[in-house]
Structures are given as C-alpha cells and as structure tokens.
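> Got a predicted structure plus its sequence, pasted below:
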Amino acid sequence: MKYVDEFRDPEKAKSLFCEIEKISKGVREKLGRQIQLMEFCGGHTHAIFRFGIEQLLSKDIELVHGPGCPVCVLPMGRVDDCVALAERSDVIFTTFGDAMRVPGSKKNLLQCKAEGADIRMVYSPLDALELAKRYPEKEVIFFALGFETTMPSTALTVLQAEADGVTNFSLFCNHITTVPILESLLDSENLCIDGFIAPGHVSMVVGEGPFEHISSKYKKPIVISGFEPLDILQSIYMALAQLESGRAQMEDQYSRVVPKDGNAPGLNAMQRVFELRDYSDWRGLGTVDKSGVQVTNEFARFDAERKFPVANVKIEDPSECQCGDVLKGKIKPWQCKVFSSKCTPENPLGALMVSSEGACAAYYNFGNMNELQELRKSTEIADVTK
Amino acid sequence: MTTSSNSQKRQLGVLNSDVITLSHGSGGKAMRDLIEDVFVRAFDNEKLSHMEDQARIELSELQAKGDRLAFTTDSYVIFPTFFPGGDIGKLAVSGTVNDLAVSGAKPLYMTCSMILEEGFPVADLRKIVQSMKQTADRAGVAIVTGDTKVVEKGSADKVFINTAGIGVIDSRFNVSSSNAQPGDLVIVNGTLGDHGAAVIAARQDLAFETNVLSDCAPLNLLIADMFEACQDIHCLRDATRGGVATILNEFVRDSKVGIKLAEKAISIRPEVRGICEILGLDPLYLANEGKIVSIVPPAYAGKIIDVMRRHEEGASCSIIGEVVESASHMVTMETSFGGERVVDMLVGDQLPRIC
C-alpha cells in the first residue's frame, strides 16, 4: 500500500535498529542507567506494540508510555455525565466508537445504549450535525473528546452548525490539551524521563512552537514523530543523538505532515469556539490547571453543559490503581498490583486499560511476550487450584 | 426424479402482493400463497413437495454415508440485507453448510425459517430466496422444510433467517479443536477480512467507495477435497465473527498448545488493509464468510494446498503459521516488520479509534 509500506520496510528498520543499538550504548554509560524515553501519544504506543518494536529495541532503552490516549484519561464522573445526557428522551447522543466502552461509576455508554438510550456511533462530528438536521425534534449532542488533533473538526462543525442555522446541535466538550499535561508530568517529582517522542498529529494542528517551548523550559530532547514504525525508530534515534551530544532541542521528524506554525484555519476555528477551562480532571493523573477547553460564550448555545443540567461530579480513581506510576515511568504496566487480575480490558479499573491505545491494554493485548507468558502461566496455575 | 416435475404435481398458490403484511403470517390462505409461491416454487425438491409439517429422511440414506450425524443451526441478521458479494440468503445457506462441512460432514439437508418485518418488499424476499436456492444448489444441499413468521413493523429489522442443517460424517474423519499438535501447520484458504470490510463499506454512514466483495460462499466441496487429501486434518473451523484470530485462540485453548503466525504469509487485499488503516481495525479480527482455518500434520500440508488451489475458494490459500509448544497457550505473530506480538481474544467488538 502506497505511503504505508515504505514506512514499514523491515530492511530499513534493521539498519535503524543497529544505529540505535550503537548510539544507545554510549548514552547509557553517560547516564549510568537505562535510558527512558516517553512516547506521549497513544497512537505511538499502539504502533510500538502492533509492530513489536519494543522487543527489537536495544535493551539500553526503556520506552515509557505516556498519557496521550484521550479515551483512557477521561474521568469517570464525565462518563457518568454522558450517561445522564444520553438517557434523556429528547436527546440523540453521538460519540466516537472507542469512547463507548469507557467505564463510568455505574455503567458505560454501551450498557446505556442497550438499556434504550439513543446513542449512535459516528466517525466525525459532521455526521452528528447531519443527524441534527435529520431529527429537528431531537437535541443531538456530540461527545467531543480528544487532544488538539480532533479539536479543529469539532470547532469547524460548530461554525458549520451556526452557518446552517441549526439550533438542536450541541457539544459535550471534553477536549484536552497536550502541553499542560506534559508540563504537569515534567513538574512531578522523581520523574525519570530523558527525552520525549512528541505527538505528530497534535503538532500538525498546533505546530512546532509549543514543543519548542517545553524542550527549552525543561531542557529535554523532544522529537515530533510520525506514526509508522520507521518514523518512530528514526525519532528514537534523533532523541538519542541529542542525548549523546548533550543537546536538548525540539526536532521535527514528521515534517512531511507538520507545518512549522501549525494549521492556521484549524487554530482560528479553535480559538473562536474554545477557551481554556480553569482546570480539568484526568483519570490517573488528577486535576491539572488549564489542561482542557470549554465552549466560549459566543457559542454558548452549542454547549450541552449550558443547555442541560450536568452534575460534573468528581469521582476518585480506585485506590489500588497505579496508573499514575505507570505514566511517570516509575513502574511497568505488569508491575501494577492489579494488572490482569482486578484490571483487564473487560473490566478496566484504571485509565490505561480502557482503550487499545492505553499502555496497559496494549501490554495485555499485544504485550511483551516473556512477561505475559509468565503472567498467564501463573494465572492459569492459580485457576487450576481454585 | 426431476425437481421441476415436483411443483407441477399440484397447482401452487400465487402471491399477489408487493409487500409482506401481517396476514402473510396469519396461517390462512395469504400465508399459504406466500409459502407456495415464494419458497416451495424456488426451493423445489421432492422432500419439500409433500408439504408435511416436517421433512422425512430415510435413515438408510444417512447410514450409507457415514457413522455420525452432524447437526447445526445458525441465525442470520445483517445490515444491509444486500451487500457487495452477497445477501442474507447466500449467507444463511453458506454459513450453515460451512458449519457442517468443517466437521468433515457432507451437508445434505437444510431448513429455512424466516422472520419477516411487516412491509418488507416481496421482490426483495424473492431475491433472497433465489439466492438461497442458488447457493444450496452450488453446495449440493436441499432446503426441505421451513417456517415463516411476520412481525409488526419495528419488531424486527426487515428479515431474520434461521437455518438448521444436517450432514453425515465419514467414519474416517475425526476433526476437533483439541487435536492441534506442536509441529502442525496452519492453513487458510485466502485473503482475510473481505466480508467484514465489504459490509463496513456498504453501510451508508461511511462514505467509502471500494470494490471489495464479501467472500461469502459455501466451502463444502473444497473441504471435502481437503479431507480426501488428508483424512487426519486435526482442526478445522470457519472463521466468521471474530475472524481468524478468534478461531486460533480457540484452538490453542482447547489443544493446550501455542500458535506462531507469520504476518508476511497472511494475505489481505489492499482495499481491506486501507479500510483497516483508516478505522484502526485489525483484519485478523474482521469477519469472513468464506474462510476456513485448518491445522494439519506437516507431512500433508503440500498435498492439501495442492487440492485447495484447484478450487476458486482456495486459489490463494497459504500456510500462515505453525503450532508450537506453549505453556501459556498463546497465539503470537512475527510481524512483517520483524517484531513479535500477541494475538489475543477480543474483549468485545472492535471499535473504530478516535484518531
């Protein structure tokens, strides 16, 4: 397949793995410990597991899987709000597919749909707007979530709704922003991350600037990366090269897609429709100031939170859940107390088990063969003794 | 006995309606007209022509063909009813035929039970029934008894079909999901995910334009030749919902072994790959309706591949992996990129990803 296979070429990968192996030796010696690189984005985590990159990578490097999975970090209280909105008889609730399984405190949207709520899976917010036009007697609410990657399409849909004079369309806005959460991670104590693989599609919208800011503020190498395996390997190499030469810069591996200053029409639409919230809750990471957006006053009539009562109750993460430690690179997913016992993709307890892009779900589904085999063996033995 | 003479024995009723109404399920003349004009006329065989409440099958006929009866049932609900490469009728016959055939049975007789939604167009019903007849003929099975119910509008989605089937298993064959042994090879009969991708593309909420067709087909003739080539096929299943990955996970669990796949050897059409890349789906879990996964002793693999290639439905068959010893009973895959990953059971449906 064009534009895909070129970026999955095993031969080119081999030479990249070799280069990485060579350079990482020196960097490890310099650090006196294993190198920790964090890929922020769930899309990268997914690709790393899907292609089995981790097992092929030099053992001098450890990849820490970051919080960039919007479905994973959605707090339980917000899912409860979704359920309450969806259960209204005057509402058609629309959502992206993978948000359907995110657990609320009592149920998720799939269960809510089974109980009779009119919940529809859409592939774009424009599909939701079309539904609003088709069902003028109903309020069509779009469950807006995601980082800056999906924000422009939501904002443009609101502008379209305004232009078309649609009055029965609104957003339940849960968009979150990349930079504040990254900063909050970098501000946390005992963080052990030497460099970052930054999200290519977020950068496509916001440009290189925000990551340049972080890299100079925190003196960490940051490489904006594409999502194919060769992209990721090249980005890892670029980050290592910075560590080797003692640099800490923003570099753009994904320049074939990322414009230096981002996407102006997208940013303009976002600026009109959204403004920063004072704070947002993140599953597994707590409350972070100015890390999410809400609908501006100008577009209040498209804001489901202003059109309908929304409880917005904060529900604490389960206490045994160690997602925060996994996200900060302190422990690996399988070292969590509840991994694959109390917390599985069927019954996710923590954020990272929720979506296939979450680090724990990725480990559970695709994971590191040796650890998983050991783990499954021991669970089977336990089953037999029951 | 020619089939055309059967229906000429008696004058069959004629259905004079463009849509199905509740009266077609009421047990009266309208129902009889529907059954005779649409079903009996199309399915047209000796056992059906008696119009008893049941088909009667001589035990001697069955006994001559093997030593065990295979008996299966499946219900078919699909949106859209007509999709590129098939329709619900073709699906309902192929699915049940394949469920019988993977046991090593020769499928012989089937039932056809339909639940119709009030208002369903009779022309569509005739198309579906014709498609069932064509597929049954291709598979060499007869549809010998059936039932129709009509429900009020909104109580069912257009048409639901249940088919049950019987076949006889040759005494030489003993295939089971618990028979896989380390060293065995895993063979599939072609490209994966065609049905799932065709149906996704046909649903109007995604404006995809592709040429991908469902692989929906009866595979009993292909399977019969595979069993002639190797009486000792260890495991055989058709990979429908949940795809090939799910079947392989059933095999490793039941046989207490592991399976190692080679991604390079798995063929997936570029259109199907494209749809999967866009939606974030994995073709290993996409539905097929004309694909079988077999686990065979390595000594016979070449011979089996040879006979499979003689069939249209097996022309692009390949060995996609091998059975290995594994205490953890896992399916793993060497990715074409050179890495290795686990191919686990899915928790629920695959859901398209946000970004």
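It's in.
> Extract the C-alpha set from the helix or strand encompassing A:A239 and format it as PDB.
A:A239 is located in helix A:229-245, with elements delineated by DSSP states H and E. This file holds the C-alpha atoms of helix A:229-245, laid out as PDB (Å, rounded to 0.1, in the frame of the first residue of the first chain):
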ATOM      1  CA  PRO A 229       7.300   2.200  12.600                       C
ATOM      2  CA  LEU A 230      10.200   3.700  10.700                       C
ATOM      3  CA  ASP A 231       9.100   7.200  11.800                       C
ATOM      4  CA  ILE A 232       9.200   6.100  15.400                       C
ATOM      5  CA  LEU A 233      12.600   4.400  15.100                       C
ATOM      6  CA  GLN A 234      14.000   7.500  13.400                       C
ATOM      7  CA  SER A 235      12.600   9.700  16.200                       C
ATOM      8  CA  ILE A 236      14.100   7.500  18.900                       C
ATOM      9  CA  TYR A 237      17.400   7.700  17.100                       C
ATOM     10  CA  MET A 238      17.100  11.500  16.900                       C
ATOM     11  CA  ALA A 239      16.400  11.800  20.600                       C
ATOM     12  CA  LEU A 240      19.400   9.600  21.400                       C
ATOM     13  CA  ALA A 241      21.600  11.600  19.200                       C
ATOM     14  CA  GLN A 242      20.600  14.700  21.200                       C
ATOM     15  CA  LEU A 243      21.400  12.900  24.500                       C
ATOM     16  CA  GLU A 244      24.700  11.800  23.100                       C
ATOM     17  CA  SER A 245      25.800  15.300  22.100                       C
END
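> Output the contacting helices and strands for the helix or strand following that helix.
Once the chain leaves helix A:229-245, the next helix or strand it forms, by DSSP H and E, is strand A:250-252. Strand A:250-252 is packed against helix A:209-218, strand A:222-225, with contacts defined by 3 or more CB pairs under 8 Å, 6 or more residues apart in numbering or on different chains; DSSP states H and E. (Glycine included, C-beta is placed from N, CA and C.)
> could you redo the last one with a cut-off of 10 Å?
strand A:195-199, helix A:200-206, helix A:209-218, strand A:222-225, helix A:229-245 (3 or more CB pairs under 10 Å, 6 or more residues apart in numbering or on different chains; DSSP states H and E).
> Each with direction, which strands does that strand pair with?
strand A:222-225 (parallel) (DSSP bridges).
> now the strands for chain B?
Using DSSP state E, the strands of chain B run over B:68-76, B:82-83, B:86-87, B:105-117, B:142-151, B:159-169, B:185-188, B:235-238, B:258-262, B:292-296, B:318-324, B:331-334, B:340-342.
> What lies in contact with the last one?
Residues from elsewhere that reach strand B:340-342, judged by CB atoms under 10 Å, 6 or more residues apart in numbering or on different chains: A:48-56, A:362-369, A:372-373, A:376, B:260-261, B:263, B:328, B:330-335.
> what's the average pLDDT for that strand?
For strand B:340-342, the mean pLDDT works out to 88.
> Out of the helices and strands packed on strand A:250-252, flag the one nearest B:A207.
helix A:200-206 (21.8 Å; CB to CB).
> how about that closest one, does it get close to chain B?
Yes - Helix A:200-206 reaches chain B (CB under 10 Å from any CB of the partner chain) through A:201-202.
> Quick one: distance of that helix to the chain centre.
13 Å (CA atoms, centre = their mean, to the nearest Å).
> Show me what counts as buried in it.
Across helix A:200-206, burial judged by 16 or more other CB atoms under 10 Å in any protein chain shown covers A:200-206.
> For burial, what's the neighbour tally of residue 278?
Going with chain A. A:D278: 10 surrounding residues under other CB atoms under 10 Å in any protein chain shown.
> That was the other one, I meant chain B.
That count, for B:I278 with other CB under 10 Å as the rule, works out to 14.
> Sweet, I'm off.
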